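Colleague: What follows is a predicted protein model with its sequence.
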Amino acid sequence: MAASVSGINERFESSYRRLFGEDIASQGDEAFFQDFYDRFFSHSEEIRSMFRNTDMAHQRTALRRSLFDLVTFYATGIVSARLRRIAQVHQDLHFRPELYDVWLDALISCVEEHDPACDEMTSLAWRLALTPGVTYMKLWHQTDISPLDGP
């Protein structure tokens, strides 16, 4: 069954609203974000050690904001200053580019569990929406400047 771009976008947006309402920065199921970090940390000691001395309440807020920035990038193609800072911080922390795939898989797994209407196409819609931003973050590690900053 072929899905149109607008159909994929609608699936993503509907799921996003079910999970986070209209304002992810201040709303959303706290259990979703806790579950995400549980899944992400379960992947490896390397990931757990990166967050060993982290204030996780603050980190969950940072995740909410970064999701908003990734979705904004998907919707507009504009890299926010905050997304650039996030990329730089991850580079400074030696967050290997391969770990972004682990991050995305953990996030999609949470979407599948926490969104009662999530199906295969909704999961795909989330991947398509977040992949541009994840790719941007990976490219940051391969260049000396932000890939979209220009000359």
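Modeller: Now that the structure is in, tell me what you want to look at.

Colleague: make it CA atoms for all contacts and neighbour counts henceforth
Modeller: Noted.

Colleague: Mind pulling up the pLDDT for the spatially most central residue of the chain?
Modeller: For the chain, the residue nearest the mean C-alpha position is Leu67 (4.7 Å; CA atoms, centre = their mean). We note a pLDDT of 91 for Leu67 in this prediction.

Colleague: How about the one 5 residues further on?
Modeller: At Thr72, the pLDDT value in this model is 91.

Colleague: Let me see the backbone angles for it.
Modeller: Dihedral pair for Thr72: phi -60, psi -40, per degrees, to the nearest 10.

Colleague: repeat for Arg127
Modeller: phi -60, psi -40.

Colleague: hmm, back to that, state the distance from the residue nearest to the centre of the chain to Arg17.
Modeller: Distance of Leu67 to Arg17, given as CA to CA, to the nearest Å: 13 Å.

Colleague: same thing with Ser49?
Modeller: 32 Å.

Colleague: Likewise for His43?
Modeller: 28 Å.

Colleague: Remind me which helix or strand Phe36 belongs to.
Modeller: Per DSSP states H and E, Phe36 falls inside helix 30-42.

Colleague: which outside residues touch the host helix or strand of Leu128?
Modeller: Using DSSP H and E, Leu128 falls within helix 120-140. By CA atoms under 8 Å, 6 or more residues apart in numbering, the residues outside helix 120-140 that reach it are 8-9, 11-12, 15, 70-71, 73-74, 87-88, 91, 97-98, 100-101, 104, 108, 111-112, 146-147.
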